[in-house]
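1. coordinates only, sequence not included:
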């Protein structure tokens, strides 16, 4: 019974996700679903990425949070169109929330859409939004045991961004173990090491991202 | 319709949580539901707390993870009884999982039970397990914007442990802002600043904890 309900919810979500994808494709918009634990640096990565790309690409952003508008205000100050979704308790974005938010995004004027999901290493991975790729961030401060404890998100993501590498000297963390475990879960995942604080690695990531769009 | 289903699930959970609580009370077990984002330091705090308390209190641990047994193995090496729950995808523990796990905990031989929840700053706050208090950990590396973005967990917790204060010099984070925002959400919350790496603050926390048990 429980499983039946869950399947129905996910069926409905897949249907609307396919509609969203049609809208993205029709408007030649490349869409990224950005996911991570709380505080891993989703908004910081967006800020850095937008600064590098805003002269070259026409960026739009949808920001999901349980409550508050901090992140949308940070993005808005960069001069790109942004819509804030408050989920009112829900621990993830779903395709219908995105479908509604698209009404407030100038879809004719953008070619790259970032969707910043709710900070959660679990449920967001289960809900397609219609995106082209899922990108996840793991902060080095979270430790090297996360891939095997939260396997689904690592399996579903096309890209893993290892953030806060500036803190590496002060942490007991093995980047090597992260890479080995992540690759065992998802052999084709692309991994970038970055610091949104020092800008290390940001250019690598944005240049690679541009190759996907064009 | 959606709301009705959710209400039913939570009703059922409350019923089993009350049963669990009865078991804890009958056996004079003080129970703590320990919650945080992934990688904030739940297992590290448990390790430190158990080392301080194991001569004085009879501790048991239930560990929840989506997958893996890393945390249970870490706790097991300290010589206290531990049960690992693998939720198989679920992003939180519920009362029924605890009810089942209690079969494998020597409830006559413990007076302090820690339940380490799945790493998630959202859903665990919605599911009572029958615990006496909820304790949450926020790693300083997650940033000072978390209380207003994930209000429910801060509202439901009796204690906030600010962990990784050894990293403070390398972070752009205001402990003052965290305290102001948390207190606005939950005026009676008790806040401890600790470092599981340097042991700073651990004794304060464990001594306070002991006053609750006796």
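-> Structure's in. What do you need? Quantities reported herein were computed from a predicted structural model and do not represent experimental measurements.
2. can you tell me the SS state at residue A:188?
-> coil (DSSP: H, G, I helix; E, B strand; the rest coil).
3. for the closest residue to it other than its chain neighbours, what are its contacts?
-> Once flanking residues are discounted, residue A:188 sits nearest to residue A:158: 7.7 Å by C-beta to C-beta, 6 or more residues apart in numbering or on different chains. Where C-beta positions appear, they are placed from N, C-alpha and C, glycine not excepted. The contact partners of residue A:158, by C-beta atoms under 8 Å, 6 or more residues apart in numbering or on different chains, come to A:133-135, A:188-190.
4. just the buried ones from these?
-> A:133-135, A:189 (16 or more other C-beta atoms under 10 Å in any protein chain shown).
5. now, which of these lie within strands?
-> Using DSSP state E, the members of the buried ones among the contacts of residue A:158 that fall within strands are A:133-135.
6. the longest helix along chain A vs helix B:2-26, what angle?
-> Secondary structure of chain A read by DSSP state H shows that its longest helix is helix A:2-26. With axes from the mean of the first three to the mean of the last three C-alpha atoms, to 10 degrees as the basis, helix A:2-26 and helix B:2-26 are set at 130 degrees to each other.
7. what packs against helix A:2-26?
-> strand A:30-36, helix A:95-101 (3 or more C-beta pairs under 8 Å, 6 or more residues apart in numbering or on different chains; DSSP states H and E).
8. my guess is residue A:89 contacts residue B:153. True?
-> No: if you go by C-beta atoms under 8 Å, residue A:89 and residue B:153 don't touch, sitting 11.3 Å apart.
9. compare neighbour counts for those two and give me the winner.
-> residue B:153 (27 against 14; other C-beta atoms under 10 Å in any protein chain shown).
10. excluding its backbone neighbours, what's nearest that one?
-> residue B:125 (4.1 Å).
11. surely the one you found is in contact with residue B:134?
-> Yes: the criterion here is C-beta under 8 Å, and residue B:125 meets it with residue B:134 at 7.4 Å.
12. state the helix or strand in which residue A:199 lies.
-> In the assignment (DSSP states H and E), residue A:199 maps to no helix and no strand.
13. now it. Its backbone dihedrals?
-> phi 80, psi 0 (degrees, to the nearest 10).
14. for it, give me its contacts.
-> Contacts of residue A:199 (C-beta under 8 Å, 6+ apart): residue A:48.
15. where's it relative to chain B, distance?
-> 15 Å (C-beta to the nearest C-beta, to the nearest Å).
16. just the pLDDT for that residue.
-> We note a pLDDT of 98 for residue A:199 in this prediction.
17. number of residues surrounding the residue nearest to residue B:153?
-> 24.
18. do you know how far it is from residue A:179?
-> Residue B:125 sits 33 Å away from residue A:179, going by C-beta to C-beta, to the nearest Å.
19. could you check the angle strand A:30-36 makes with the lowest-mean-pLDDT helix or strand in chain A?
-> Every helix and strand of chain A was ranked by mean pLDDT, DSSP states H and E. The lowest is helix A:2-26, at a mean of 82. Helix A:2-26 and strand A:30-36 are oriented at 140 degrees to each other (the same axes, to 10 degrees).
20. what separates helix A:2-26 from the chain centre, distance-wise?
-> Chain-centre distance of helix A:2-26: 18 Å, with C-alpha atoms, centre = their mean, to the nearest Å.
21. same check, this time on stretch A:166-182
-> The answer for stretch A:166-182 is 21 Å, by C-alpha atoms, centre = their mean.
22. what about it, start to end distance?
-> The first residue of stretch A:166-182 is 21 Å away from its last residue (C-alpha to C-alpha, to the nearest Å).
23. surely residue A:135 meets residue A:35?
-> Yes: counting by C-beta under 8 Å, residue A:35 is a contact partner of residue A:135 at 7.3 Å.
24. name the residues contacting each of the two.
-> In contact with both residue A:135 and residue A:35: residue A:157, using C-beta under 8 Å, 6+ apart.
25. got the ones in strands among the buried ones among the contacts of residue A:158 as CSV, with distance to chain B and pLDDT columns?
-> Shown next, in CSV, are these (distance: C-beta to the nearest C-beta, whole Å; pLDDT from 0 to 100):
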residue, distance to chain B, pLDDT
A:133, 22, 98
A:134, 17, 98
A:135, 17, 98
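26. circling back to that earlier point, JSON lines for the helices and strands packed on helix A:2-26, including mean neighbour count?
-> What follows is the helices and strands packed on helix A:2-26, written out as JSON lines (neighbours: other C-beta atoms under 10 Å in any protein chain shown):
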{"stretch": "strand A:30-36", "mean neighbour count": "25"}
{"stretch": "helix A:95-101", "mean neighbour count": "19"}
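27. which one of those lies nearest to chain B?
-> Judged by C-beta to the nearest C-beta, the one of these that comes nearest to chain B is strand A:30-36, at 9.3 Å.
28. list the contacts for the residue most central in space within chain A?
-> The C-alpha lying nearest the average C-alpha coordinate of chain A belongs to residue A:34 (C-alpha atoms, centre = their mean; 0.2 Å). Residue A:34 makes contacts with A:42, A:45-46, A:114-117, A:135-137, as judged by C-beta under 8 Å, 6+ apart.
29. make CSV out of those residues and add secondary structure.
-> Putting those into CSV (three-state DSSP) gives the following:
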residue, secondary structure
A:42, helix
A:45, helix
A:46, helix
A:114, strand
A:115, strand
A:116, strand
A:117, coil
A:135, strand
A:136, strand
A:137, strand
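30. picking up where we left off before, show me whatever sits in contact with both of residue B:125 and residue B:134.
-> With C-beta under 8 Å, 6+ apart as the test, residue B:125 and residue B:134 both reach B:35, B:156-157.
31. buried residues of the least confident helix or strand of chain A, list them for me.
-> Buried-residue list, helix A:2-26, by 16+ other C-beta under 10 Å: A:13, A:16-17, A:19-21, A:23-24.
32. next: stretch A:65-75.
-> Under 16+ other C-beta under 10 Å, the buried positions of stretch A:65-75 are A:65-66, A:68, A:70-72, A:74-75.
33. stretch A:151-163 too?
-> Those would be A:151-154, A:156-163, for stretch A:151-163 by 16+ other C-beta under 10 Å.
34. ok, of these, which one's closest to chain B?
-> residue A:151 (5.6 Å).
35. so who does that closest one touch?
-> Residue A:151 makes contact with A:185, B:66-67 under the criterion C-beta under 8 Å, 6+ apart.
36. which of the residues you listed has the weakest pLDDT?
-> Among those, residue B:67 has the weakest pLDDT, 90.
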